[in-house]
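J.: A predicted structure for the sequence below; I have some questions about it.
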Amino acid sequence: MNLSTSNISSIDKSIVVLPFKNLSGDASYEYFSDGITEEIINALTKIDTLKVTARTSSFAFKNKPTDIRIIGNELGVTNAVEGSIRIAKERIRISAQLTRTDTGFLLWSEKFDRELDDVFALQDEISLLIADKIRENFGHIEIEESLSSVQTQNLTAYQLYLKGRYFQLTWNLPNLEKAIGFYQKAADFDASYADPIIAIGWCYAINASWGHMNREDGLKKANQYLDKGLAMNPNSYTGYFAKATIHFWGNWQFEEGYRDLQSCFKINPHFSEGMEALAELYTATGFFDKALEQTEQILKINPLSPNHYYTKGNIHYLQGDYQTALGSFENSLKLDNSFTLSRHLKVACLLFLKEKDAMLAYAKSFLNDDFVAMINAIYGAIHHQKIPEFDETLMSENLNLMVYWDFYYLVHCQKTDAAFERFEKMVKERIGQIINFQFDPFLVPLRSTQMFKELKSTIFKGIQATTFSIEASKTDNTPSFTQKESDELKNALDQILGREQAFLRSDLSLRSLAEELAIHPNRLSKFINDYLQTNFTELVNGKRLEHFQKIALLPENSHLTLLGLAYESGFNSKTVFNTYFKKIAGITPKQWLKNNS
């Protein structure tokens, strides 16, 4: 009886890199393990046909022991990378493993013990090994010669940059200031290192755009750092994203922001923060279908981000679909029950849905009495056409609220002059969420006024569907084969895997086989996938299984164990052998031998 491998169906090539554990015995190295995890995530996102879970969703499982199969199901991925890092004196030890999330089957594991200075090459090596194993087991993907994006070889500068990144990603004001300090020190240690310079510009862009510092001074500083950093490294996708932040959020320059985002996506088409910014840009300009399409894509790679669910909810909210919006905000709050934007807009949805008791109860859970009083008054104005009695003591001078309840209070108390004075000031200073003013349901009473129309025309003049055209995503650059090339490569493969029995080598890999065939691994991978309709692992294991069947039935081998014969056939794992055999034969090796003896 001879078994052959069946054609494999297309399997989703997707992966999550879970936070590497810090086993150094020193909590201060947490930034280092986080940084290496993020670098591997960033490296793998360079592979266009590989779906890589974004950092936010990956780090949701940090310090939370969870069954790998549950993680795979929750994130919608077929593979997971786990690892640990131990730093001792001047050495670094990294353990990493790749596991299938549907079966818990271990595809690859390895330990690395290197000088700490080798961490740059090591990150790239691990990323390439992971990508290779995905390709070998799940079909063709095009892999570059190097995946790492680290732009320094100065270990001290790199460690300081990772510390800055660690604080920046908390996204709170005091830590952003700490981040800037570490980034500056990193730049001082390596004057040619662009990443910390760009990161400083990014931090200033965020602070200025959201009113945490003088807007004009902050944006000026941000641009100075970003221009300098991008001149040093024109391939920094975060640099272009930060530029987009300034153009879009800082200055409401939509076309310029869009161009910056396209430059970002040309370098990293799967950068989830850039994708979210594009969804927000579409939302502000009224292209809601495009915004929703973009948001659905983001949620595929970052399904545990409260911010992405907020973005989705906001799109529905601004279209007046309050029930759907409420569901998205509640999904956001399930992930982070203190997420401020979703809290406020949940109140707004309950208001428009006429759920007064639920609205007031929820508002009281996180807002002070003044805001609750204003919300109650606005409810009466909208649903009972009751003009509230204006109470000036409720007003706040703070323009940087997530939702502008006191501004809405002015509008619905029909204090039109005061409302427009505040409105014009917020628009002039480009304050946060007011960017969506043309669709804001609380501003319905102002929409017919000449001043509102003029502001809308000034900000959004010339914006139309053709302003934002979606660029085609990257395609596979590996060329197809001519008939002659196909025949020659098939013959060469038959020679090496057939007559020379290269499959008997347990350490055979796609890269090593490609080297023997004098062909680029991308070309060999594409040939196996497109022309042989299988993947490397299935191809090689099929040859090993055929060999096992032949030698297992030989009388002179009757004294050998089945596992010993499997190892002689090239299998390097009992689990791999048994799993693959049963997959192809439908029975265990022992049952097969009994049936064929």
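T.: Arrived safely. Residues are numbered from 1 along each chain as shown.
J.: Show me the domain layout of the chain.
T.: 14-138, 367-462, 483-596 (automatic domain parsing).
J.: most tightly surrounded among these?
T.: Highest mean neighbour count among the domains of the chain (mean count of other C-beta atoms under 10 Å): domain 14-138, with a mean of 19. Just so you know, the C-beta spots here come from the backbone N, C-alpha and C atoms, and that holds for glycine as well.
J.: Can you check what pLDDT the model gives Arg100?
T.: Arg100 carries a pLDDT score of 93 in this model.
J.: That one: what's it in contact with?
T.: Under the criterion of C-beta atoms under 8 Å, 6 or more residues apart in numbering, the contact partners of Arg100 comprise 78-79, 107.
J.: wait, which of those is closest to Trp210?
T.: For Trp210, the nearest member of those is Asn79. The distance, counting by C-beta to C-beta, is 36.8 Å.
J.: which strand residues sit across from that closest one in the sheet?
T.: With DSSP bridges applied, Asn79 shows beta-bridge pairing to Ile15, Arg100.
J.: Name the secondary structure element that contains the closest residue to Lys221 other than its chain neighbours.
T.: Nearest residue to Lys221, sequence neighbours excluded (C-beta to C-beta, 6 or more residues apart in numbering): Tyr204, at 4.6 Å. Using DSSP states H and E, Tyr204 sits within helix 194-209.
J.: Report the distance from the helix or strand just after that helix to the chain centre.
T.: Once the chain leaves helix 194-209, the next helix or strand it forms, by DSSP H and E, is helix 215-232. Distance, stretch centre to chain centre, for helix 215-232: 25 Å (C-alpha atoms, centre = their mean, to the nearest Å).
J.: same thing with stretch 456-468?
T.: On the basis of C-alpha atoms, centre = their mean, stretch 456-468 sits 30 Å off its chain's mean C-alpha point.
J.: do stretch 410-424 as well
T.: 41 Å.
J.: From start to finish, how long is it in a straight line?
T.: Between the opening and closing residues of stretch 410-424 lies a distance of 14 Å (C-alpha to C-alpha, to the nearest Å).
J.: One more: stretch 438-457?
T.: 10 Å.
J.: check which helix or strand covers Glu256.
T.: Residue-wise, Glu256 maps onto helix 254-267 under DSSP H and E.
J.: residues making contact with that helix?
T.: With contact meaning C-beta under 8 Å, 6+ apart, helix 254-267 is reached by 235-238, 240-241, 243-245, 247-248, 271, 274, 277-278, 281, 284-285, 460, 463, 467-468, 471.
J.: Which members of the residues you listed are classed as buried?
T.: Neighbour counting by 16 or more other C-beta atoms under 10 Å classes 236-238, 240-241, 243-245, 247-248, 271, 274, 277-278, 281, 284-285, 460, 468 among the contacts of helix 254-267 as buried.
J.: can you give me the mean pLDDT across the helix holding Glu256?
T.: 93.
J.: Determine the angle, from 0 to 180 degrees, between it and helix 215-232.
T.: 30 degrees (axes from the mean of the first three to the mean of the last three C-alpha atoms, to 10 degrees).
J.: For helix 254-267, what is the distance to the chain centroid?
T.: A distance of 18 Å separates the C-alpha centroid of helix 254-267 from that of its chain, computed with C-alpha atoms, centre = their mean.
J.: Mind listing what's buried along that helix?
T.: The neighbour-count check on helix 254-267 (16+ other C-beta under 10 Å) flags 254, 257-265, 267 as buried.
J.: Now do the contacts for Ser58.
T.: Applying C-beta under 8 Å, 6+ apart, the residues contacting Ser58 are 16-19, 37, 41.
J.: Could you say which helix or strand holds it?
T.: Since the elements are taken from DSSP H and E, Ser58 ends up inside helix 55-59.
J.: Would you quantify the distance from Gly564 to Asn557?
T.: When C-beta to C-beta, to the nearest Å is the yardstick, Gly564 and Asn557 sit 9 Å from each other.
J.: I should have written Asn235 there, sorry.
T.: Between Asn235 and Asn557 the distance, using C-beta to C-beta, works out to 57 Å.
J.: Turn the contacts of Arg100 into a markdown table, including distance to His212.
T.: Written out in a markdown table, the entries for those read as follows (distance: C-beta to C-beta, whole Å):
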| residue | distance to His212 |
| --- | --- |
| Thr78 | 41 |
| Asn79 | 39 |
| Leu107 | 45 |
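J.: any chance of those residues in CSV, plus pLDDT and distance to Lys346?
T.: Supplementary listing: the contacts of Arg100 in CSV, determined by pLDDT from 0 to 100; distance: C-beta to C-beta, whole Å:
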residue, pLDDT, distance to Lys346
Thr78, 94, 34
Asn79, 95, 36
Leu107, 90, 42
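J.: mind listing the strands for the protein?
T.: Assigned strands in the chain, in chain order: 14-17, 21-22, 51-52, 79-88, 91-100, 106-115 (criterion: DSSP state E).
J.: tell me the mean pLDDT for the first one?
T.: Average pLDDT, strand 14-17: 95.
J.: tell me what that strand is packed against?
T.: Contacting strand 14-17 under the criterion 3 or more C-beta pairs under 8 Å, 6 or more residues apart in numbering; DSSP states H and E are the following elements: helix 30-44, strand 51-52, helix 55-59, helix 68-75, strand 79-88, helix 119-138.
J.: Recalculate using a threshold of 10 Å.
T.: Contact analysis of strand 14-17 by 3 or more C-beta pairs under 10 Å, 6 or more residues apart in numbering; DSSP states H and E lists helix 30-44, strand 51-52, helix 55-59, helix 68-75, strand 79-88, strand 91-100, helix 119-138, helix 288-301 as its packing neighbours.
J.: what does the last one give?
T.: For strand 106-115, the contact count by 3+ C-beta pairs under 10 Å, 6+ apart identifies strand 79-88, strand 91-100, helix 119-138, helix 574-585 as packing neighbours.
J.: what angle sits between the second one and strand 106-115?
T.: It refers to strand 91-100. For strand 91-100 against strand 106-115, the angle between stretch directions is 170 degrees (the same axes, to 10 degrees).
J.: One more: the longest one?
T.: Here helix 119-138 runs at 170 degrees with respect to strand 106-115, directions being taken by the same axes, to 10 degrees.
J.: Report whether the expected contact of Phe536 with Asp132 is present.
T.: Yes. The pair Phe536 and Asp132 passes the contact test of C-beta atoms under 10 Å, sitting 9.2 Å apart.
J.: any residues in contact with both of the two?
T.: Between them, Phe536 and Asp132 share the neighbouring residues 509-511, 521, 525, with contact defined by C-beta atoms under 10 Å, 6 or more residues apart in numbering.
J.: Format these as a markdown table; extra columns: distance to Gln294 and pLDDT.
T.: Compiled in a markdown table, the shared contacts of Phe536 and Asp132 are given as follows (distance: C-beta to C-beta, whole Å; pLDDT from 0 to 100):
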| residue | distance to Gln294 | pLDDT |
| --- | --- | --- |
| Ser509 | 38 | 95 |
| Leu510 | 35 | 96 |
| Arg511 | 36 | 95 |
| Pro521 | 33 | 95 |
| Ser525 | 30 | 94 |
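J.: From those residues, pick the one nearest Glu115.
T.: Taking C-beta to C-beta as the measure, Arg511 is the one of those closest to Glu115, at 24.6 Å.
J.: Could you double-check that the closest one sits in contact with Asp132?
T.: Yes. Arg511 sits in contact with Asp132 when judged by C-beta under 10 Å, with a separation of 6.3 Å.
J.: any shared contact partners between the two?
T.: Counting by C-beta under 10 Å, 6+ apart, the common neighbours of Arg511 and Asp132 are 143, 521, 525, 536.
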